[in-house]
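Undergrad: any chance you can model this:
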Amino acid sequence: MMQDLTVKKISSKILIVLPFQFLLIIGLAYRIPPVVLLSFAPLLIYGFASLLVNPLHLLWFSMFLNLTNIAFKNVALYVVAFALLIPSFLLTKCFEEDKSVYFDSFDLLFVSMGSLLLISLPQWRYILKGGLGFLFLFLIPYFEILVLRSYVNKKNLIYSLYIFAGISFVFNMEVLAAVVKTFFRGGFSIVALHRIGIGWAYSNYIAAIANLFIPLNLAIYMTFKNKFRYFSLFNLAVLFLSMLSTISRGGFLAFILSVITFGLGLAIAEGKTKYIMGVMATIGGVLLVIFKTLLGKFLLFRFAFAIAKDASIQNRYRMWAQAIEHIKEHPLIGGGPNQNQVFSGVLFTENPHNFYLKIGMDAGIIGIVLFVAVLIFLFRRSLKLLHAHEREMRILGVAFLTTLVVASFNAAIEPTLSGYHYSPIFWFIMGLLLALTSDQKSQNGQA
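TA: From the prediction side, this is the model:
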């Protein structure tokens with residue numbers, strides 16, 4: 001009986017496949033591209049269905065699309081991929097025997113912030129902008145967290161780290177392509193690089209995203225024992241060059257902060273307090289040179305003078321002042337996502353180059369408090385990993401802590417966390433952190 005059933009199954013599959021094979025032959029014979037494409041329909045349908053019902057795979061795929069500007073009919077494909085995460089996660093939970101979802105204080109804080117954005121719906125003047133802002137400020141980050149926390153554990157973490165190194169490589173290739181293109185357009189310059197618009201090659205996002213990638217790539221290099229660690233080493237070298245190529249002051253300060261945080265975190269994780277004293281002594285010595293010497297005071301004065309005259313700094317002051325005025329109009333729950341604009345001195349934008357003020361404009365003072373509480377929650381979770389038994393987990397904890405510190409700093413001076421590319425990468429990293437620090441009961445139920 002079993003043998004007959006097997007034969008019937010094989011026969012039915014052949015009957016389904018044969019017509020599509022004939023289509024392939026006809027399409028190739030008569031050089032008809034649509035017919036050739038149609039012959040692969042079963043494979044394409046199966047591949048798309050597997051992505052849709054496996055949200056972790058879909059998330060990995062969307063992260064690669066995130067580092068491109070590929071669009072279809074003026075709609076970016078990465079937006080579609082991220083939007084599919086929501087039905088994919090819900091559909092998967094419907095078919096799973098264990099439909100439990102782990103919740104903690106993070107969910108309460110984050111969902112409350114999302115609720116503020118939705119409550120302000122009657123005030124929305126621009127529904128399309130508001131919907132897109134709601135998608136990237138709340139829905140995509142939250143469903144990234146749910147997917148990673150539900151399907152990533154210590155056993156399959158390695159695959160997500162491979163993906164992370166892979167998207168770092170894609171970013172590096174995007175920047176390299178932009179640099180090469182600037183040479184062919186008349187020679188390399190920062191202004192020309194910023195205007196290319198290939199992937200990440202615009203504005204100071206290059207330095208910002210490079211700083212976001214560096215800590216976890218460094219952790220991969222330190223923890224992996226196979227040859228893949230050299231792939232991360234290559235990423236680190238190119239990321240460093242990408243950051244330097246932009247000559248971004250904010251990016252350079254973020255890099256210095258990253259080095260200090262990673263060093264202090266590693267010293268704490270390894271229990272070597274003498275290293276902490278050495279780092280602090282070095283910082284103290286640098287500050288002493290700056291503030292107590294004639295040359296240091298002269299350089300400090302020049303730096304302060306340059307900042308005071310710098311147009312980008314003055315534009316930020318202008319945008320921050322306008323953002324505060326918008327917050328005063330709707331102080332408690334804000335005016336809704338992307339509903340208010342500030343003038344940068346060059347153009348009008350919904351992004352005042354300070355994410356905390358951006359949240360204030362969109363979700364009010366309550367939203368700012370909730371978002372800061374989310375950062376504190378994540379900060380405590382990263383500290384939890386610093387005391388893990390496995391050295392690999394401790395080093396990953398250092399990377400998560402460093403990423404969080406750098407992103408929080410960048411959010412105060414750069415248009416990063418509200419950026420449609422930067423934000424999903426940040427929440428991908430934070431999702432891995434939450435996946436590794438959920439309690440044992442939730443981990444056992446989420447394999």
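Undergrad: and F409, what element?
TA: helix 391-413 (DSSP states H and E).
Undergrad: same for that helix, what does it pack against?
TA: Here helix 391-413 touches helix 205-223, helix 249-270, helix 355-385, helix 422-437, going by 3 or more Cβ pairs under 8 Å, 6 or more residues apart in numbering; DSSP states H and E. (Glycine included, C-beta is placed from N, CA and C.)
Undergrad: P331 is nearest to which of those helices?
TA: With Cβ to Cβ as the criterion, P331 lies closest to helix 355-385 of these, at 5.6 Å.
Undergrad: quick revisit: confidence-wise, which of the helices and strands packed on helix 391-413 is weakest overall?
TA: For the helices and strands packed on helix 391-413, mean pLDDT drops lowest on helix 249-270, to a mean of 81.
Undergrad: could you name the helices and strands sitting against that helix?
TA: Partner elements for helix 249-270 (3+ Cβ pairs under 8 Å, 6+ apart): helix 205-223, helix 228-246, helix 273-292, helix 391-413.
Undergrad: mind listing what's buried along that helix?
TA: 249-251, 253-255, 257-258, 260-269 (16 or more other Cβ atoms under 10 Å).
Undergrad: next one: stretch 231-239
TA: F231, S232, N235, L236, V238, L239.
Undergrad: distance from the chain centre to it, please.
TA: 18 Å (Cα atoms, centre = their mean, to the nearest Å).
Undergrad: for that stretch, give the mean pLDDT please.
TA: For stretch 231-239, the per-residue pLDDT averages 90.
Undergrad: give me the contact list for it.
TA: Residues from elsewhere that reach stretch 231-239, judged by Cβ atoms under 8 Å, 6 or more residues apart in numbering: 165, 168-169, 171-172, 175-176, 210, 213-214, 217-218, 220-221, 224.
Undergrad: run the last query once more with 6 Å
TA: Contacts to stretch 231-239, defined as Cβ atoms under 6 Å, 6 or more residues apart in numbering, come from residues A165, S168, F169, N172, A210, F213, I214, N217, I220, Y221.
Undergrad: could you say which of the residues you listed is surrounded by the most neighbours?
TA: Highest neighbour count within those, by other Cβ atoms under 10 Å: A210, with 30 neighbours.
Undergrad: identify the residues contacting that one.
TA: A210 neighbours (Cβ under 6 Å, 6+ apart): L239, S242, M243.
Undergrad: could you measure from the first one over to Y230?
TA: If I follow you right, that is L239. Distance, L239 to Y230, using Cβ to Cβ, to the nearest Å: 15 Å.
Undergrad: check the last one too.
TA: With distances defined as Cβ to Cβ, the gap from M243 to Y230 amounts to 20 Å.
Undergrad: looking at those two, which is more packed in?
TA: Neighbours per residue (other Cβ under 10 Å) separate M243 from Y230, with M243 holding more: 25 against 11.
Undergrad: and the helices and strands packed on helix 391-413: which comes nearest Y142?
TA: Closest among the helices and strands packed on helix 391-413, using Cβ to Cβ: helix 422-437, at 8.3 Å.
Undergrad: remind me what that closest one packs against, helices and strands.
TA: helix 140-151, helix 355-385, helix 391-413 (3 or more Cβ pairs under 6 Å, 6 or more residues apart in numbering; DSSP states H and E).
Undergrad: mean neighbour count and distance to G419 for those helices - can I get that in TSV?
TA: Formatted as TSV, these follow (neighbours: other Cβ atoms under 10 Å; distance: least, Cβ to Cβ, whole Å):
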stretch	mean neighbour count	distance to G419
helix 140-151	23	12
helix 355-385	21	9
helix 391-413	23	10
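Undergrad: closest to S112 out of the ones you listed?
TA: helix 355-385 (5.4 Å).
Undergrad: what's the angle between that closest one and helix 391-413?
TA: 170 degrees (axes from the mean of the first three to the mean of the last three Cα atoms, to 10 degrees).
Undergrad: now for helix 355-385, which elements pack on it?
TA: Where contact means 3+ Cβ pairs under 6 Å, 6+ apart, helix 355-385 is packed against helix 105-119, helix 311-329, helix 391-413, helix 422-437.
Undergrad: now that helix, how far from the centre of its chain.
TA: The answer for helix 355-385 is 16 Å, by Cα atoms, centre = their mean.
Undergrad: then stretch 64-84?
TA: Taking the mean of its C-alpha atoms, stretch 64-84 sits 15 Å from the chain's own mean (Cα atoms, centre = their mean).
Undergrad: before we move on, the earlier item: out of the helices and strands packed on helix 249-270, flag the one nearest Y317.
TA: Closest among the helices and strands packed on helix 249-270, using Cβ to Cβ: helix 391-413, at 11.4 Å.
Undergrad: which residues touch the closest one?
TA: With Cβ under 6 Å, 6+ apart, helix 391-413 has contacts from 208, 211, 215-216, 219, 222-223, 250, 254, 257-258, 261-262, 265-266, 269, 354-355, 375, 378-379, 382, 385-386, 388, 416-417, 426, 429, 433.
Undergrad: before we move on, what about stretch 345-357?
TA: Defining contact as Cβ under 6 Å, 6+ apart, one finds that stretch 345-357 is touched by 315-316, 318-320, 323, 338, 341-342, 358, 368, 411-412, 415, 417-418.
Undergrad: how close does N351 get to A207?
TA: According to Cβ to Cβ, N351 and A207 sit 17 Å apart.
Undergrad: how much space separates the closest residue to G360 other than its chain neighbours from L121?
TA: Distance criterion Cβ to Cβ, 6 or more residues apart in numbering; nearest residue to G360, sequence neighbours excluded, is I327 at 4.3 Å. Relative to L121, I327 is positioned 19 Å away (Cβ to Cβ).
Undergrad: thanks a lot, see you next time.
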